[in-house]
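> Below is the sequence, then the predicted model.
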Amino acid sequence: MSSLKASLESLAAGFAIDVVRAIQGASLLELRREVAGSSIRERKAAESPPLRLVERMVKRSSSGRLRRRSSEDIAAVLESVINLLRNHSSGWAAEQIRRTLQMQSREMPRILSDGLRRGTLRKEGQKRATKYFAV
């Protein structure tokens with residue numbers, strides 16, 4: 001049995017050395033693409049439908065601008081923000097909401113201001129200490 005163990009350890013060590021050599025031989029750009037691609041695939045597999053809706057809205061044009069959002073798009077994302085905040089009675093900062101829904105920071109002000117204006121959200125605090133709550 002010890003020869004089997006020694007053989008497996010030898011194979012594992014050889015495999016590890018080959019993996020390290022392959023990584024060392026790859027370019028930094030190639031490594032970044034592989035890591036980014038795998039994290040996107042994993043995230044898409046684990047997402048719920050509201051996050052996919054937000055992801056569709058965020059698509060940018062070739063110039064980097066966000067695409068124009070319709071009032072229905074904004075209302076749908078606002079609804080997902082409200083549902084998220086209903087589960088957190090202590091309130092969340094805009095940054096936490098943005099990270100959870102995987103949105104860009106440029107999208108948040110319009111959504112939050114519409115929620116406050118409609119009365120579906122309320123806020124407490126000022127500047128970076130502002131917390132948002134579902135009404």
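Right, received. Where do you want to start? Numbers count the residues shown, from 1 in each chain.
> which stretches of the chain aren't confidently modelled?
Within the chain, the ranges that satisfy pLDDT under 70 run 1, 37-63.
> let's see it at 80
Flagging of the chain using pLDDT under 80 yields the residue ranges 1, 22-67.
> And the contacts of the lengthiest helix in the chain?
Secondary structure of the chain per DSSP state H: the longest helix is helix 2-25. Defining contact as C-beta atoms under 8 Å, 6 or more residues apart in numbering, one finds that helix 2-25 is touched by Leu31. Heads up, the C-betas are built off the backbone N, CA and C, glycines and all.
> now that helix, how far from the centre of its chain.
Using C-alpha atoms, centre = their mean, to the nearest Å, the mean C-alpha position of helix 2-25 is found 35 Å from that of the whole chain.
> got it, and stretch 97-114?
Stretch 97-114 has its average C-alpha position 12 Å from the chain's average C-alpha position, going by C-alpha atoms, centre = their mean.
> C-alpha coordinates for that stretch, PDB please?
Extracted in PDB, the C-alpha atoms of stretch 97-114 (Å, rounded to 0.1, in the frame of the first residue of the first chain):
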ATOM      1  CA  ILE A  97     -26.900  47.600  -2.700                       C
ATOM      2  CA  ARG A  98     -24.800  48.300  -5.700                       C
ATOM      3  CA  ARG A  99     -22.400  45.500  -5.000                       C
ATOM      4  CA  THR A 100     -25.100  43.000  -4.300                       C
ATOM      5  CA  LEU A 101     -27.100  43.800  -7.500                       C
ATOM      6  CA  GLN A 102     -23.800  44.100  -9.400                       C
ATOM      7  CA  MET A 103     -24.600  47.500 -10.800                       C
ATOM      8  CA  GLN A 104     -22.400  50.400 -11.700                       C
ATOM      9  CA  SER A 105     -22.100  53.400  -9.400                       C
ATOM     10  CA  ARG A 106     -23.400  55.600 -12.200                       C
ATOM     11  CA  GLU A 107     -26.800  53.800 -12.200                       C
ATOM     12  CA  MET A 108     -27.600  54.100  -8.500                       C
ATOM     13  CA  PRO A 109     -28.500  57.800  -8.000                       C
ATOM     14  CA  ARG A 110     -31.400  57.700 -10.400                       C
ATOM     15  CA  ILE A 111     -32.800  54.500  -8.900                       C
ATOM     16  CA  LEU A 112     -32.500  55.700  -5.300                       C
ATOM     17  CA  SER A 113     -33.900  59.100  -6.000                       C
ATOM     18  CA  ASP A 114     -36.900  57.600  -7.800                       C
END
